[in-house]
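Enquirer: Sequence below, structure please.
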Amino acid sequence: MCGIIGYSGPLEAGKLLLNGLAGLEYRGYDSAGIAYFDGQSKIRVVKKVGKVAALRECAAKLGDVSHCGIGHTRWATHGGVTQENAHPHRFGRITLIHNGIIENYHQLTVEYGLEGRLVSQTDTEVAAGVLDAIYSQCGGDPMAALKAFEARLKGSYGFCILFEDHPGEIYALRNVSPLVAAYTPSGALIASDLTALISYTREYFVVPEHHIVRLTPYKVRLYDMDGNKVAPEMMEVSWNMDAAMKNGFPHFMLKEIHEQPEALKNTILPRLAKGLPDFTDDGIPDRIFADCGRVHIIACGTAMHAGMVARALMEPLLRIPVAVSIASEFRYEQPLVDAQTLVIVISQSGETIDTLAAMRLAQGLGSPALAVVNVKGSTIARESDYVLYTHAGPEIAVASTKAYSVQLAALYMICCRMGMVRGKLDQGGAKAFMGDLLDAVPAMEAMIQKKDQVRNLVTHLINAPDAFFIGRGLDYAFSLEGALKLKEISYIHSEAYAAGELKHGTIALISDRVPVIAIATQDKIFAKTVSNVREVRARGAFVILLAKESARVEEDIADIQIRIPDLADQFTVFPIAAVLQLIAYYASVGKDLDVDQPRNLAKSVTVE
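Expert: Modelled structure (predicted):
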């Protein structure tokens with residue numbers, strides 16, 4: 001969740017660190033800081049509550065020139081949003097930054113006699129105090145100290161560390177929390193995210209768990225915990241810097257909404273062989289689809305909503321049980337998974353800690369794990385038994401848009417392939433399915449082009465304290481994501497309900513002019529959903545109806561009607577997703593909020 005960057009080399013470190021932190025702002029944060037060796041090889045720390053711009057102003061006044069330092073944007077976990085709690089933290093000869101959670105910080109505080117010696121409320125400062133004590137015990141040997149330090153820690157962590165008596169050097173250590181590193185002609189770099197490195201290199205490596213990285217001005221070295229040198233597995237960025245720029249759009253979110261049709265094609269087309277889904281190049285064998293007796297989908301947030309759509313699609317076609325679990329709950333509910341259960345885990349970043357832990361548990365119970373992931377080399381991608389990469393490119397806005405769409409596309413292709421392998425779809429049926437999936441791409445593009453129509457309707461939303469989304473079947477699954485999008489970037493309290501459940505309690509919340517977004521794209525239950533629309537309309541709700549072009553309904557059934565292109569029922573999620581994303585986007589813009597960085601949220605959730 002926090003942003004990390006470190007640099008050692010010939011360039012001016014302060015400017016590079018601040019630019020790197022600005023590139024990591026999308027991850028979500030509430031304070032920022034840098035630490036660097038100054039011209040006298042002393043470590044100086046500068047940190048500030050608020051935006052990186054405020055930190056930049058503060059650092060500029062110091063006028064120092066440095067060639068080695070570390071930077072951090074903090075998303076508060078232990079302790080409130082204060083300058084004392086901001087990173088970097090210094091204790092004795094140690095200055096460090098940290099992403100993650102040290103679970104045994106209280107025990108370590110007592111064991112190392114740190115009570116009364118700490119200035120912050122953070123687990124990170126405790127870690128600095130522990131490492132400082134161990135460093136002294138190890139006679140000032142960073143490698144020995146880090147090995148002993150890691151043995152004392154419980155939890156997740158990505159550390160970048162400056163030792164005061166080793167100027168020009170940065171050490172790094174990780175468990176779960178991601179770090180990537182590279183050596184370039186401009187110097188050695190390490191970061192929590194590729195977006196901080198892409199200006200300097202296209203080649204990088206993912207720091208393996210339980211390894212130590214040592215950065216100097218001329219080299220990046222990787223060691224195992226016994227001090228043996230390890231050759232890193234180099235990777236190459238598959239997108240260019242333009243993909244991480246706004247390119248004329250006012251916000252990243254709007255840009256990424258527009259990028260969805262292309263991202264869908266990039267995910268679908270390379271996996272089509274004679275019109276059929278083919279995962280040969282992904283190394284995913286048909287036997288995992290043939291041998292399973294049930295499917296269990298595990299994910300969080302938007303990815304979990306993609307899983308809900310997949311369940312509503314898979315069960316009627318495959319005729320096997322399909323369960324969807326919130327990853328943070330899965331670990332604690334004694335899950336019924338085994339070797340006959342295909343576990344599908346979904347994560348944009350591939351580092352979502354709850355999803356990673358849930359996958360590890362499922363694998364421990366014998367289940368094969370198929371990961372749907374956007375980031376190559378991520379922890380979930382490396383540890384899963386099989387991985388299906390989506391091709392969304394970098395997604396900068398905190399609210400997920402194109403990652404959701406490509407996750408859906410990947411799940412639809414999995415469903416089609418499973419249908420073929422299990423004899424539920426013949427070749428003709430599978431080709432028709434994939435044809436319908438491809439038809440959804442221009443349908444989505446058409447709805448994105450209707451953005452002005454969507455912009456005009458949000459005037460009815462921006463002053464509303466509450467909003468409700470209703471639908472049945474697949475439409476209900478779509479509604480879940482629509483409600484999440486609206487609440488996370490407009491701060492309007494919004495909930496999704498199965499339309500048939502309204503009269504079992506929820507309709508009590510409907511009053512005059514309460515906005516209700518009704519999704520009715522499923523032909524078999526269209527009349528039922530329209531009946532539910534009449535119920536809320538009769539109680540004064542302001543109704544926005546989303547339906548197919550061909551749907552026949554009286555004009556006064558809703559205050560506003562938005563029509564999507566006619567598609568087979570199972571594929572309407574793609575144009576509907578675009579409309580719901582635009583509703584949330586323009587509601588946030590109308591309230592003059594920070595669309596790309598909504599309060600309290602982070603892009604990559606790497607703490608429990």
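Enquirer: Hmm, residue 261 is touching residue 444, no?
Expert: Yes - counting by C-beta atoms under 8 Å, a contact exists between residue 261 and residue 444, whose distance comes to 5.7 Å. For glycine as for every other residue, the C-beta is placed from the backbone atoms N, C-alpha and C.
Enquirer: Please say which of the two ends up with more neighbours.
Expert: residue 444 (26 against 20; other C-beta atoms under 10 Å).
Enquirer: Show me which positions of the helix or strand harbouring the more buried one end up buried.
Expert: Counting by DSSP states H and E, the secondary-structure element that holds residue 444 is helix 427-448. Buried residues in helix 427-448, counted by 16 or more other C-beta atoms under 10 Å: 430-431, 433-434, 436-441, 443-445, 447-448.
Enquirer: Between which two of the residues you listed is the distance greatest?
Expert: Spatial extent of those (C-beta to C-beta) is set by the pair 430 and 448 at 28.1 Å.
Enquirer: Tell me where the stretch 301-450 of the chain has helices.
Expert: Counting by DSSP state H, counting those that start in this stretch, the stretch 301-450 of the chain has helices at residues 301-318, 327-330, 353-364, 379-383, 402-421, 427-448.
Enquirer: which one of those has the most crowded surroundings?
Expert: Neighbour counts (mean count of other C-beta atoms under 10 Å) averaged over each of the helices of the stretch 301-450 of the chain peak at helix 402-421, with a mean of 25.
Enquirer: Which secondary structure elements does that helix sit against?
Expert: With contacts defined as 3 or more C-beta pairs under 8 Å, 6 or more residues apart in numbering; DSSP states H and E, the packing partners of helix 402-421 are helix 260-268, strand 276-277, helix 287-291, helix 301-318, strand 341-347, strand 369-373, helix 427-448, helix 573-590.
Enquirer: quick check: angle from that helix to helix 301-318?
Expert: Orientation of helix 402-421 against helix 301-318 (axes from the mean of the first three to the mean of the last three C-alpha atoms, to 10 degrees) gives an angle of 20 degrees.
Enquirer: average model confidence for helix 402-421?
Expert: Per-residue pLDDT over helix 402-421 has a mean of 97.
Enquirer: thinking again about what came up before, put together CSV for the helices of the stretch 301-450 of the chain, with distance to residue 565 on each row.
Expert: Below are the helices of the stretch 301-450 of the chain laid out as CSV (distance: least, C-beta to C-beta, whole Å):
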stretch, distance to residue 565
helix 301-318, 18
helix 327-330, 34
helix 353-364, 34
helix 379-383, 34
helix 402-421, 16
helix 427-448, 4
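Enquirer: how about the ones you listed, which one is nearest residue 61?
Expert: Taking C-beta to C-beta as the criterion, residue 61 comes closest to helix 353-364 out of the helices of the stretch 301-450 of the chain, the separation being 37.6 Å.
Enquirer: Next, the angle from that closest one to helix 301-318.
Expert: 40 degrees.
Enquirer: wait, what's in contact with residue 464?
Expert: 492, 513, 514, 515 (C-beta atoms under 8 Å, 6 or more residues apart in numbering).
Enquirer: where do the helices sit along the stretch 451-600 of the chain?
Expert: Along the stretch 451-600 of the chain, the stretches classed as helices by DSSP H, counting those that start in this stretch are 451-457, 474-490, 526-538, 573-590.
Enquirer: thinking again about what came up before, in CSV: the helices and strands packed on helix 402-421, plus distance to residue 467.
Expert: Below are those laid out as CSV (distance: least, C-beta to C-beta, whole Å):
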stretch, distance to residue 467
helix 260-268, 23
strand 276-277, 37
helix 287-291, 39
helix 301-318, 17
strand 341-347, 26
strand 369-373, 29
helix 427-448, 20
helix 573-590, 9
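Enquirer: hang on, the earlier thing: identify, from the contacts of residue 464, the entry nearest to residue 384.
Expert: Residue 384 lies nearest to residue 492 out of the contacts of residue 464, by C-beta to C-beta, at 36.2 Å.
Enquirer: So that closest one sits against residue 468, correct?
Expert: No - shown here, residue 492 and residue 468 do not form a contact pair, counting by C-beta under 8 Å, at 10.6 Å.
Enquirer: who's more crowded, the two?
Expert: In this view residue 492 and residue 468 are compared by other C-beta under 10 Å, and residue 468 has more residues nearby, 24 against 21.
Enquirer: Excluding chain neighbours, what is closest to that one?
Expert: Spatially, and ignoring its direct neighbours in sequence, residue 468 is nearest to residue 516 (4.9 Å; C-beta to C-beta, 6 or more residues apart in numbering).
Enquirer: Tell me how many other residues surround that neighbour.
Expert: When neighbours are counted by other C-beta under 10 Å, residue 516 comes out with 26.
Enquirer: which ones are touching it?
Expert: Under the criterion of C-beta under 8 Å, 6+ apart, the contact list for residue 516 reads 467, 468, 469, 470, 510, 533, 536, 541, 542, 543, 544.
Enquirer: hmm, which two among those residues are most spread apart?
Expert: Using C-beta to C-beta, the contacts of residue 516 span at most 14.8 Å, a distance reached by 467 and 533.
Enquirer: Compare those two and say which is more crowded by neighbours.
Expert: residue 467 (26 against 22).
Enquirer: so the more buried one touches residue 494, yeah?
Expert: Yes - counting by C-beta under 8 Å, residue 467 touches residue 494, with 4.3 Å between them.
Enquirer: what's the overlap in contacts for these two?
Expert: Jointly contacting residue 467 and residue 494 under the rule C-beta under 8 Å, 6+ apart are 483, 486.
Enquirer: Residue 393 and residue 263 touch, don't they?
Expert: Yes - counting by C-beta under 8 Å, residue 393 sits close enough to residue 263 to count as a contact (6.7 Å).
Enquirer: can you list residues touching both of these two?
Expert: When C-beta under 8 Å, 6+ apart defines a contact, the residues bordering residue 393 and residue 263 alike are residue 402.
Enquirer: any idea how far the closest residue in space to residue 249 that isn't next to it in sequence is from residue 132?
Expert: Excluding its sequence neighbours, the residue lying closest to residue 249 (C-beta to C-beta, 6+ apart) is residue 255, at 3.8 Å. Remark: distance between residue 255 and residue 132 (C-beta to C-beta, to the nearest Å) = 45 Å.
Enquirer: Name the residue in the two with the higher neighbour count.
Expert: More neighbours sit around residue 132 than around the other of residue 255 and residue 132, counting by other C-beta under 10 Å; the figures are 23 against 20.
Enquirer: I'd say that one and residue 95 touch.
Expert: No - with contact defined as C-beta under 8 Å, residue 132 and residue 95 do not form a contacting pair (9.8 Å).
Enquirer: ok so, going back, just the closest of the buried residues of helix 427-448 to residue 397, please.
Expert: Of all the buried residues of helix 427-448, residue 448 has the smallest distance to residue 397: 15.1 Å, by C-beta to C-beta.
Enquirer: List the residues that contact that closest one.
Expert: Under the criterion of C-beta under 8 Å, 6+ apart, the contact list for residue 448 reads 257, 258, 260, 261, 578, 582.
Enquirer: mind checking how far residue 235 is from residue 90?
Expert: Counting by C-beta to C-beta, the gap from residue 235 to residue 90 is 33 Å.
Enquirer: ah, wrong one, I meant residue 234
Expert: From residue 234 to residue 90 the distance is 33 Å (C-beta to C-beta).
Enquirer: just residue 574 next, same as before
Expert: When C-beta to C-beta is the yardstick, residue 574 and residue 90 sit 51 Å from each other.
Enquirer: Could I get the helices and strands packed on helix 402-421 in TSV, plus columns for distance to residue 190 and mean pLDDT?
Expert: What follows is the helices and strands packed on helix 402-421, written out as TSV (distance: least, C-beta to C-beta, whole Å; pLDDT from 0 to 100):
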stretch	distance to residue 190	mean pLDDT
helix 260-268	28	96
strand 276-277	38	97
helix 287-291	36	96
helix 301-318	27	96
strand 341-347	22	97
strand 369-373	22	97
helix 427-448	37	97
helix 573-590	34	96
